[in-house]
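Q: need a 3D model of the sequence below.
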Amino acid sequence: MKILAGMLMMSTLLVGAGCAQKDWIDRTLVTVDVTGVWRGTMTTPGVTAINVVMTLEQRGAKVTGDLKYDIFSERSGPIEGTVSGDIFQFSSMRGIITGELLVNGEEMSGEGSAGRRIELHRSTEMK
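A: Next up, the predicted model:
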């Protein structure tokens, strides 16, 4: 009987600990699809905005693609990221930039590393 009571108490504690954490659904829910071509600007403090193009492919929460700069072609390259809810987080495979963007329909905007402001809109044109 003591073993059963102990197991019941342990189960209650484990379930309670799980409830105290952020809901697992919030961490895994994907509410947007970022697949496509996104065009816009990236602005670094003290520097004029530069044009960028992100070409993305999403499978579940995982996103892969390319980021192209109009004037810094040597910095262009592959990116990977994830979507959680309506937030797209990405990083350059070359270690040049990271970012967290809020997706709102056909627009996404947010902050990149080094204080960069990123604003993009989904393009109907292919690449």
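Q: show me what the helix or strand containing Thr64 is packed against.
A: Assigned by DSSP states H and E, Thr64 belongs to strand 62-69. Counting contacts by 3 or more Cβ pairs under 8 Å, 6 or more residues apart in numbering; DSSP states H and E, strand 62-69 is packed against strand 50-59, strand 77-84, strand 87-92. Just so you know, the C-beta spots here come from the backbone N, C-alpha and C atoms, and that holds for glycine as well.
Q: helices and strands of this structure: which one has the lowest mean pLDDT?
A: helix 24-28 (a mean of 53; mean pLDDT, DSSP states H and E).
Q: and the next helix or strand past that one?
A: Using DSSP H and E, the next helix or strand after helix 24-28 towards the C-terminus is strand 36-43.
Q: list the neighbouring strands of that following strand plus their orientation.
A: The pairing partners recorded for strand 36-43 under DSSP bridges are strand 50-59 (antiparallel), strand 117-123 (antiparallel).
Q: in TSV, list those along with mean pLDDT and mean neighbour count.
A: Shown next, in TSV, are the strands paired with strand 36-43 (pLDDT from 0 to 100; neighbours: other Cβ atoms under 10 Å):
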stretch	mean pLDDT	mean neighbour count
strand 50-59	96	18
strand 117-123	97	18
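Q: closest to Thr43 out of these?
A: Proximity to Thr43, assessed across those by Cβ to Cβ, is greatest for strand 117-123 (4.5 Å).
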